[in-house]
Structure formats: structure tokens, C-alpha cells
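> Take this sequence and fold it.
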Amino acid sequence: MILASQSPRRRELLALITSDFRVVPADIDETPEVGESPEQYVGRLSRLKAEAVSCHAARGEPVIGSDTTVSIDHALLQKPLDRADFLQMMNQLSGRTHQVYSGVTVWTDRAVATQVVRTDVTFREMTEAERTAYWDTGEPLDKAGGYAIQGIGARFIVRISGSYTNVVGLPLVELEGLLSNAT
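Here you go, the predicted model:
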């Protein structure tokens, strides 16, 4: 199968369920559409990623597309643009519950199926010094919402309700179901 992603976290997660895959990154426009909900956004992008890479698939070979975003108060929190953007995100997340959405698509020459998964994540209150120190680690740079649950960012998380692998970036239970139905 093909993973249409350059995310090292998605590669690591997929390797937990199969070693039989190759990576072909998808180059798509990830700009949200006007009025698009987080669910619609990640579902659309996962499908576009799988479609963009489907031309590299052998007959019957599944292509997996996935996208993850963080949402709070109906706003999307993408990867931080800079330190100021990151600090604003952490201010929004501190002491509150937010949602992590992942869309996952399995594309084959016979069918296309997409599923969107939601996980609620609650952060504890964070001090300004903690936020700044976290930024200085470099970990938040390429993470939706500016944190990594599987890394240093875990120290700020009080609770999650839903799929842990969804928050990391690839909901494995749902992916296995989609793959099972595709073959």
C-alpha cells in the first residue's frame, strides 16, 4: 500500500499495523474553504491526498490519505507560523478542552472510503514560562495545534476522550476498518 504523507508520525503509526507500505507524499493545496467545518476540512484533504497519489498505485494497491487539525471554538489551529502564533494557540488551549479531527481515506481502483475521527483533549493551565520553554524545544514547529501528544506536549494534557492515535495523526482502528473493507 501507499501512504500519501510525509509525516514521520503517520509512518510510525502505520508501521504498527503493517510493514508493507511505501511513502509517496502528496502535494496539495491545504487552504481551508470558506465556511468549511473541521470535519469537512480533514475529510476533504485526506481524500485529495489519496487521489493525488493514486496514479502511483499498482492495480488493487490501496492508497492512504490522512490529515489532522486541531479546533477550538470552531476555529482551526494549524501548524504555528511563528513564535507569536504559537503563543496565541497555547493561550487558547490552556485550561480548556479542544477537538482533534483526522480524516483518513483509503483509495483503491475499486472504491474510495473516508472516515473522520474526533478526539477531545483537555489541557491543564499553562504558565507563560511553560509556553515559552515549550516553544524553545522546537517540538511545536510542524504540529497542528502546536503540540505533540506523543512528545513533550503530553505534560500539559489532563485527559483525552477518544482515539490517542487520532491525536498523533492517524486513527488506526478506523484505518484498519477501511482497509478491511477495501480488500
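
> For the helix or strand where V117 lies, which strands pair with it and how are they oriented?
Using DSSP states H and E, V117 sits in strand 112-123. Using DSSP bridges, strand 112-123 pairs in its sheet with strand 97-107 (antiparallel), strand 157-161 (antiparallel).

> For the very next helix or strand once past that strand, enumerate the helices and strands it packs against.
Sequence order places helix 128-136 as the next helix or strand after strand 112-123, per DSSP H and E. Counting contacts by 3 or more Cβ pairs under 8 Å, 6 or more residues apart in numbering; DSSP states H and E, helix 128-136 packs against helix 83-93. The C-beta positions use only the backbone N, C-alpha and C, and glycine is treated the same way.

> angle of the helix it packs on against helix 128-136?
Put simply, helix 83-93 runs at 130 degrees to helix 128-136, going by axes from the mean of the first three to the mean of the last three Cα atoms, to 10 degrees.

> backbone phi and psi for the nearest residue to E36 once chain neighbours are set aside, please?
In space, and not counting its chain neighbours, E36 is closest to R44: 7.3 Å by Cβ to Cβ, 6 or more residues apart in numbering. Phi and psi for R44, reported as degrees, to the nearest 10, are phi -60, psi -50.

> Verify the stated contact: R44 with G103.
Yes - counting by Cβ atoms under 8 Å, G103 is a contact partner of R44 at 7.3 Å.

> who's more crowded, the two?
Taking neighbours as other Cβ atoms under 10 Å, R44 and G103 compare with G103 leading, 28 against 20.

> what sits against the more buried one?
Counting by Cβ atoms under 8 Å, 6 or more residues apart in numbering, G103 touches 39, 41-47, 65-68, 114-117.

> State the distance from it to Q88.
25 Å (Cβ to Cβ, to the nearest Å).

> Helix, strand or coil: sort out the residue nearest to the spatial centre of the chain for me.
Geometric centre of the chain, nearest residue: T68, 2.3 Å, by Cα atoms, centre = their mean. Here T68 is strand, with the state taken from DSSP: H, G, I helix; E, B strand; the rest coil.

> isn't it right up against N166?
Yes - here T68 reaches N166: they are 7.4 Å apart, a contact under Cβ under 8 Å.

> so what sits against both of the two?
By Cβ under 8 Å, 6+ apart, the residues touching both T68 and N166 are 100, 102.

> circling back to that earlier point, want to throw the strands paired with strand 112-123 into JSON lines with distance to L81?
Output for the strands paired with strand 112-123, formatted as JSON lines (distance: least, Cβ to Cβ, whole Å):
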{"stretch": "strand 97-107", "distance to L81": "18"}
{"stretch": "strand 157-161", "distance to L81": "23"}
